[in-house]
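Novice: output the structure for:
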Amino acid sequence: MALFRTRPPSVPHALSRRQFLRQTLLAAAVTAGGAILSACGGSTPATPTAGVATKPGATAVTGAATGTSATAAPVTSSKGGKLTVGVYAYVPQGIPFDQVVKTYTTKYPNVQIDVQPLGNDITSDSAAFVQRMVAETQAKRSSYDLIAGPTTWIEVAPLAKLGAIDTIESYVPRTLLDDLYDPVRKGVTFSDGKIYSMPWWADVVGYMYRKSMLTTALGSDTPPQTWDDVVTYASTLKSKLPDKSAYGADWPQSHRLFLPILTTMTSSIYTSDGIWNADDPAFLQALELVKKLVPYMPASAQQDLGSSKAFQAGNVAMATYWPTQVLRAIQAGQPKDDIVMSANPKSKQAGTLFWNADVIIPKYSPNKEEAGRFMNEALLADFTVEKTYDNWKILPYKSINEKYQSRLPDWAKPLVGQISTGAPIPMNPYWLNFEQPIFKEEAEKMILQGQSTADTQKNIASRIKAGYKDFKG
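Specialist: Presented below is the predicted three-dimensional model:
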C-alpha cells in the first residue's frame, strides 16, 4: 500500500540548517533585485524536481466533490481557467490525487488543472525550494497557483517572512478558518497575526501498544492512562517479558518524546519570544521522565525510528509514536488486531504534540481565487477526507470530525479527542535552527554520559537563550 509521509522530518546538520534559516531571514531585507543568500556557502540553489504535468486520472469516481460542513460557504469569485498545482511527491503516494482532480473538474468543467509533482526531500531540499520561491517572488512570477505538502515550521514560516506566499484569508471561507481546532489555528498563525497556509492534515503523537503483551504481563490490555502508569507498566513488562523491550520512543528527537511529555506537564512551553521556556520546573520533570524511561527501550532507540522498527519486529510492547508507525507494524506482519493506538498519557493535564501538512498560495499565483476554491472544495471534499483517514492522518477541522464521528477508524478517535488540547511546533524557525540540535546534544550527554538532569536543563536553557540572541542579532 502506498503511504503518505511516514514520519516527520529528521533534523539535518545544525550548521547548514542554521545558515539556511538565518540567511533566508536576512534576505527579507534585501530589495527585489538583490541577490539571494545561499543555504550553504554560496552554492547555486537547486531546482526541485518537477515531473511531467499530469492530467486528471482515468479512474472514474462516482459523483462530484461534496463539501464538508466546514466548507459550507464556498468561494464564489472564481474565474476558472487553468490551475497549476505543485504537489510534494509524497502526497500522491498516499492520496489518489488524480481522482481528487477528476472529481473537482467534473464539478467545474471549465477548470483545467495541471499537476506538477515536486520532488522535494524535506530533509535536504527545503532550503533550495524556499530560495527558488523567493527568486520567483523577486521576479514577480510564480510557476504554481498553489502548492500542497510543505510543513508549517519548515518551509511556510520562512516563506511568509520573506513575502513569497500570500495570506489565504481572502481566498478561503472564513468558516473554514473558524473551524480549525484552536491549537491548530494558533500554530499556523504567523507573528503578524495572519494565516499563510491551510492545514490539510495533522500527524498527532499518541501511544501504541501490543494487547497480548500487556495481557500476558499485567493481566489486562488496558493501556496506561498517565506517565506514572507508563513507568509502572514498563517495570512489570520488563520483569515478565525479559526478552522484549517494555517501551520505545525516539528519545534524541525532542518532538517525538520530550515535547509530547512536556505538553502534559505545563501550558507554558514557550516564552513570549516563541522559544522553549526551559526555566519552567516542568522542563526538568520532563527530562527526568525521559531519563527514567530510556532503560526500558531497545538499543536502537537512539536511531531515527529505531524503536518503531523494533516494534515492527514484535520486540517492543509499548511506544510513543504517531499513527503511521502502527500501520508500518501491520505492514511488517504484526497482527492488526493486537496493535492499538491510544491517547498520549496524561500528567497534570491532557496534551500531545502534532504537526501539519499545509497548502500555500504563492504571492504571484496567476489564479488565486481558483486556488482558494480548490483548497477549500477539493482537498477537503468527502472523497479526499475519506482517503486521508484511510492513510492514517487526522483532519484538523472540528465539523469534519464531528460529521465523520461514527465512521472514524478506532485508531483516530483518541487522537481527534486530543488535538483540541495539543500543542504544535510554533510557526517560527527556532526549533530547526537551534532548539532541536541543542536538545539532542544535551540529551545524549544526559543519557550516554551521565550528565545530571539539572545540568541538562541548565545547559539547554542557557544555550537556547544564547542561540536566540545570536539568531536575532
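
Novice: so after the helix or strand of the chain with the lowest mean pLDDT, what's the next helix or strand?
Specialist: One helix or strand of the chain scores below all others by mean pLDDT, DSSP states H and E: helix 14-26, with a mean of 49. Downstream of helix 14-26, the first helix or strand assigned by DSSP states H and E is strand 81-88.

Novice: quick one: list the elements packing against that following strand.
Specialist: Contacts defined by 3 or more CB pairs under 8 Å, 6 or more residues apart in numbering; DSSP states H and E place strand 81-88 against strand 111-118, strand 146-151, helix 368-373. (Glycine included, C-beta is placed from N, CA and C.)

Novice: got JSON lines for those, with mean neighbour count too?
Specialist: What follows is these, written out as JSON lines (neighbours: other CB atoms under 10 Å):
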{"stretch": "strand 111-118", "mean neighbour count": "20"}
{"stretch": "strand 146-151", "mean neighbour count": "26"}
{"stretch": "helix 368-373", "mean neighbour count": "25"}
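
Novice: so which of those is nearest Ala443?
Specialist: strand 146-151 (22.6 Å; CB to CB).

Novice: give me the mean pLDDT for the closest one.
Specialist: What strand 146-151 shows for mean pLDDT is 94.

Novice: next structured bit after that strand?
Specialist: Downstream of strand 146-151 (by DSSP H and E), the next one is helix 157-161.

Novice: follow-up on the earlier one: Serialize the helices and strands packed on strand 81-88 to JSON lines and add fields for distance to Lys348.
Specialist: Shown next, in JSON lines, are those (distance: least, CB to CB, whole Å):
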{"stretch": "strand 111-118", "distance to Lys348": "42"}
{"stretch": "strand 146-151", "distance to Lys348": "29"}
{"stretch": "helix 368-373", "distance to Lys348": "41"}
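
Novice: of these, which approaches Pro173 most closely?
Specialist: helix 368-373 (8.8 Å).

Novice: for Ser420, the count of nearby residues, please.
Specialist: By the criterion of other CB atoms under 10 Å, Ser420 has 14 neighbours.

Novice: circling back: mind checking the helices and strands packed on strand 81-88 for the one nearest to Ala350?
Specialist: Nearest to Ala350, of all the helices and strands packed on strand 81-88, is strand 146-151, at 24.6 Å by CB to CB.

Novice: check the secondary structure at the residue lying closest to Phe383 once chain neighbours are set aside for me.
Specialist: Counting by CB to CB, 6 or more residues apart in numbering, Phe383 lies nearest to Thr103, which is 5.6 Å off, once chain neighbours are set aside. Under DSSP: H, G, I helix; E, B strand; the rest coil, Thr103 falls in the helix class.

Novice: can you check the pLDDT for Thr103?
Specialist: pLDDT, read off for Thr103, is 92.

Novice: number of nearby residues for it?
Specialist: Neighbours around Thr103, by other CB under 10 Å: 25.

Novice: right, and it touches Ala378 too?
Specialist: Yes. Counting by CB atoms under 8 Å, Ala378 is a contact partner of Thr103 at 7.2 Å.

Novice: how near is the residue nearest to Thr266 when sequence neighbours are not counted to Asn428?
Specialist: Residue nearest to Thr266 in three dimensions, not counting chain neighbours: Ala282, with 3.7 Å by CB to CB, 6+ apart. Look at Ala282 and Asn428: by CB to CB, to the nearest Å, they are 21 Å apart.

Novice: pick out whichever of the two has more residues nearby.
Specialist: Asn428 (23 against 19).

Novice: of all the helices and strands packed on strand 81-88, which one comes closest to Ser347?
Specialist: Of the helices and strands packed on strand 81-88, the one closest to Ser347 (CB to CB) turns out to be strand 146-151, at 27.1 Å.

Novice: partners of the closest one in the sheet?
Specialist: strand 81-88 (parallel), strand 353-360 (antiparallel) (DSSP bridges).

Novice: the helices and strands packed on strand 81-88: which one's closest to Ser420?
Specialist: strand 146-151 (21.0 Å).

Novice: contacts for that closest one, please.
Specialist: With contacts defined as CB atoms under 8 Å, 6 or more residues apart in numbering, strand 146-151 is touched by 8-9, 83, 85-88, 90-91, 118, 120, 122, 129, 156, 159, 197, 200, 355-362, 365, 371, 374-375, 379.

Novice: and what of stretch 337-349?
Specialist: 205-212, 221, 223-227, 229-230, 260-261, 263-267, 282, 285, 320, 323, 326, 329-330, 350-352, 410-411, 414-415, 417-418, 421.

Novice: please repeat the previous calculation with a cut-off of 7 Å.
Specialist: Here stretch 337-349 makes contact (CB atoms under 7 Å, 6 or more residues apart in numbering) with 205-212, 223-227, 229-230, 260, 264-265, 323, 326, 329-330, 351-352, 411, 414-415, 417-418.

Novice: would you mark the buried spots in that stretch?
Specialist: By neighbour count with 16 or more other CB atoms under 10 Å, stretch 337-349 contains the buried residues Asp338, Ile339, Val340, Met341, Ser342, Ala343, Asn344, Pro345, Lys346, Ser347.

Novice: mind checking which of the residues you listed are in strands?
Specialist: Ile339, Val340, Met341, Ser342 (DSSP state E).

Novice: tell me the one of these nearest Leu177?
Specialist: Among those, Met341 lies closest to Leu177 (CB to CB), at 28.5 Å.

Novice: which residue is the nearest non-sequential neighbour of that closest one?
Specialist: Nearest to Met341 is Trp411, by CB to CB, 6+ apart, at 4.0 Å.

Novice: so Thr226 bridges to which residues?
Specialist: Lys346.

Novice: ok, now which ones touch it?
Specialist: Pro345, Lys346, Ser347.

Novice: any idea how far Lys440 is from Gln141?
Specialist: To be clear, residue 141 is Arg; Gln isn't right here. 39 Å.

Novice: neighbour count: the two, which is higher?
Specialist: With neighbours defined as other CB under 10 Å, Arg141 and Lys440 compare such that Lys440 has more, 16 against 13.

Novice: got phi/psi on that one?
Specialist: As for Lys440, its main-chain torsions (degrees, to the nearest 10) stand at phi -60, psi -50.

Novice: quick one, what contacts it?
Specialist: Neighbours of Lys440 in contact, by CB under 7 Å, 6+ apart: Pro252.

Novice: from Trp251, how far out is it?
Specialist: 10 Å.

Novice: same question, Ala127
Specialist: Distance from Ala127 to Trp251, by CB to CB: 27 Å.

Novice: one step back: go through the strands paired with strand 146-151 and name the closest to Asp179.
Specialist: Going by CB to CB, the one of these nearest Asp179 is strand 353-360, 14.4 Å.

Novice: which residues sit against that closest one?
Specialist: So strand 353-360 is contacted by 8, 146-152, 156, 159, 165, 184, 188, 196-205, 255, 259-260, 263, 375, 379, 396, 419, 422-425 (CB under 7 Å, 6+ apart).

Novice: strands - which of those land there?
Specialist: Per DSSP E, the subset of the contacts of strand 353-360 in strands is 146-151, 198-204, 423-424.

Novice: of those residues, closest to Thr236?
Specialist: Val204 (27.4 Å).

Novice: for that closest one, give its distance to Ala329.
Specialist: 17 Å.
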